[in-house]
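>>> Dropping the sequence and predicted coords here.
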Protein chains: 2
Amino acid sequence: MARNVRQSKILELISLNEIETQEDLVSKLRASKFDVTQATISRDIKELGLIKILSNESGRYKYSLAEATSHTSNKYIYLLKESVISIKTVKIVIVLAK
Amino acid sequence: MARNVRQSKILELISLNEIETQEDLVSKLRASKFDVTQATISRDIKELGLIKILSNESGRYKYSLAEATSHTSNKYIYLLKESVISIKTVKIVIVLAK
DNA sequence: GATGAATAGAAATTCAAC
DNA sequence: GTTGAATTTCTATTCATC
């Protein structure tokens, strides 16, 4: 399912990068061969429950994983299980467990 | 300091209500006699490090206190100390400690 | 430094198409 | 059910003003 692969890629991207806007995310996804628009990313972000927070480093807004709840963790874990995950994505699980 | 009083009122309002937009917050602040515009609220939100998250009840976005960090907690506690705080606002501290 | 009016910029939704 | 183009809605910033 392409949508799940894309969403797990989004989790990876926001974990490893400072993503300031949805357009940033679109660019990075396109660089990874995901042909997608801002409208879809907006929906993905809502489904993943991602939040925009202030980055300590830059003082600017960036996307972040939501504060862990059973709902969001289950969603993340499901996506990671469903997709072919690189070692980078495994690191996300570690981040979640912090 | 009017700004701090307003910001602690904001903490109270988002803790006790589902605030979906900055305009919502402006309305509620005006109802509480804070004469303020969206531009100022945008700045307050950034300074307080507030985030927009999905509400479990409504499935819609609402403003929320940030995940606790020493920085944000200190900021909240400072504001609560500085201002004349109602019993309602004391409840916010309890929420933060959860 | 704090703020508002206006504007630019970003994000959510609509509406159609698939 | 998923998506994109266009649009609406919402938010951040600019540029004055105090």
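Good, I have the coordinates.

>>> From here on, just use CA atoms for contacts and neighbour counts.
OK.

>>> Who is residue A:51 paired with across the strands?
Beta-bridge partners of residue A:51, counted by DSSP bridges, are residue A:64.

>>> ok, it to residue A:45 distance?
For residue A:51, the distance to residue A:45 equals 8 Å [CA to CA, to the nearest Å].

>>> With residue A:60 instead?
Distance from residue A:60 to residue A:45, by CA to CA: 18 Å.

>>> same check, this time on residue A:3
Noted for residue A:3: a distance of 12 Å to residue A:45, by CA to CA.

>>> Kindly report the same for residue A:34.
Distance of residue A:34 to residue A:45, given as CA to CA: 15 Å.

>>> and those two? which has more neighbours close in?
Shown here are residue A:34 and residue A:45; by other CA atoms under 10 Å in any protein chain shown, residue A:45 has more neighbours (19 against 16).

>>> Report the buried residues of the helix or strand where the more buried one lies.
Assigned by DSSP states H and E, residue A:45 belongs to helix A:38-48. By neighbour count on 16 or more other CA atoms under 10 Å in any protein chain shown, the buried set for helix A:38-48 is A:41, A:44-46, A:48.

>>> Briefly note if it comes near DNA strand C.
Yes - against DNA strand C, helix A:38-48 shows contacts by CA under 7 Å from any atom of the strand at A:38-40, A:42-43, A:45-46.

>>> What residues sit buried inside the top helix by length along chain A?
Longest helix of chain A, by residue count under DSSP state H: helix A:2-16. By neighbour count on 16+ other CA under 10 Å, the buried set for helix A:2-16 is A:5-15.

>>> Pull the contacting residues for the residue of chain A found nearest DNA strand D.
Of all residues in chain A, residue A:36 sits closest to DNA strand D, at 3.3 Å by CA to the nearest atom of the strand. Taking CA atoms under 8 Å, 6 or more residues apart in numbering or on different chains as the criterion, residue A:36 is in contact with A:26, A:29-30.

>>> Which strand or helix spans it?
When elements are assigned from DSSP H and E, residue A:36 belongs to no helix and no strand.

>>> what comes into contact with stretch A:44-62?
Contacts with stretch A:44-62, where a contact means CA under 8 Å, 6+ apart, come from A:7, A:18-21, A:63-66, A:72, A:75-76, B:46, B:49-54, B:66.
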